[in-house]
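**Student:** Predicted model and sequence below, questions to follow.
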Amino acid sequence: DTGVSQDPRHKITKRGQNVTFRCDPISEHNRLYWYRQTLGQGPEFLTYFQNEAQLEKSRLLSDRFSAERPKGSFSTLEIQRTEQGDSAMYLCASSSVDGRAFYEQYFGPGTRLTVT
Amino acid sequence: AQTVTQSQPEMSVQEAETVTLSCTYDTSESDYYLFWYKQPPSRQMILVIRQEAYKQQNATENRFSVNFQKAAKSFSLKISDSQLGDAAMYFCAYRRLGADGLTFGKGTHLIIQP
């Protein structure tokens, strides 16, 4: 069990460019979550997947954001036409939901995005 | 909407002493979970302790314990015998039963003085 991994760890892009981040969850975890954390704030929930189905999206997820989990394993988060306000740490987490009421979310190290 | 408030941006404690981090939350739900997460510098967030709202007994994990006051919507974290490795950002988080997204507070930066 290697933990949740994210790639890249850092990304610098110019305003208006598109960026894509990848998250590899803990193997066999069926749920995958994306959060955004800006400086001095706690993480904010963006969206989550149960296997390949995207089940919930926060109103924070504007039309410029799209997330996929095509085969129920890794996930990608794409931001189109980046804005300076998109600069943040993007965190991925995964969990194994097996009918229990409680399940822990395991977080990855995050991708730090800087939009110049 | 649920909100989580951590009123202490920064706390400092001497090594081996005890420190309490505060958290209050606002919800109209009766069933939910509360969590404390630790985020060390440049490292990933890890779960420290959790509390189910239906349980009256306060959760304890080794040196970490909580004081859960459901009526007051308060959920504080007590760290006993503070160690240098406890230095980190601590986030209080809430999750409604049946939902999946966590709602976090802004965090408390804990400094351990040697």
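**Tutor:** It's in. The structure presented is a predicted model; accordingly, all values stated were derived computationally and were not measured.
**Student:** Name the residues of chain A found near chain B, please.
**Tutor:** Within chain A, the residues that sit near chain B (C-beta under 8 Å from any C-beta of the partner chain) are A:3-4, A:31, A:33, A:35, A:40-45, A:48, A:55-56, A:58, A:91, A:101-102, A:104-105, A:107-110. All C-beta spots, glycine's among them, are computed from the backbone N, C-alpha and C.
**Student:** where does B:Q44 sit relative to A:Y90, distance-wise?
**Tutor:** To A:Y90, B:Q44 is 13 Å away according to C-beta to C-beta, to the nearest Å.
**Student:** Which residues are in contact with each of those two?
**Tutor:** A:G110 (C-beta atoms under 8 Å, 6 or more residues apart in numbering or on different chains).
**Student:** and the two? which has more neighbours close in?
**Tutor:** Shown here are B:Q44 and A:Y90; by other C-beta atoms under 10 Å in any protein chain shown, A:Y90 has more neighbours (24 against 20).
**Student:** Please confirm that that one is located within a strand.
**Tutor:** Yes: when DSSP: H, G, I helix; E, B strand; the rest coil is applied, A:Y90 is found to be in a strand.
**Student:** how deep is residue 53 tucked in, by neighbour count?
**Tutor:** You didn't say which chain, so I picked chain A. Residues lying near A:A53 (other C-beta under 10 Å) number 9.
**Student:** my bad, the chain I had in mind was chain B
**Tutor:** A count of neighbours around B:A53, defined by other C-beta under 10 Å, yields 18.
**Student:** Could you double-check that A:H29 lies in contact with A:S95?
**Tutor:** Yes: at 5.9 Å, A:H29 and A:S95 qualify as touching, with contact defined as C-beta atoms under 8 Å.
**Student:** Mind listing the shared neighbours of the two?
**Tutor:** Both A:H29 and A:S95 are in contact with A:Y106, where contact means C-beta under 8 Å, 6+ apart.
**Student:** returning to that earlier point: quick one, which of the residues of chain A next to chain B are buried?
**Tutor:** If you count burial by 16 or more other C-beta atoms under 10 Å in any protein chain shown, the buried members of these come out as A:4, A:31, A:33, A:35, A:42-45, A:48, A:58, A:91, A:105, A:107-110.
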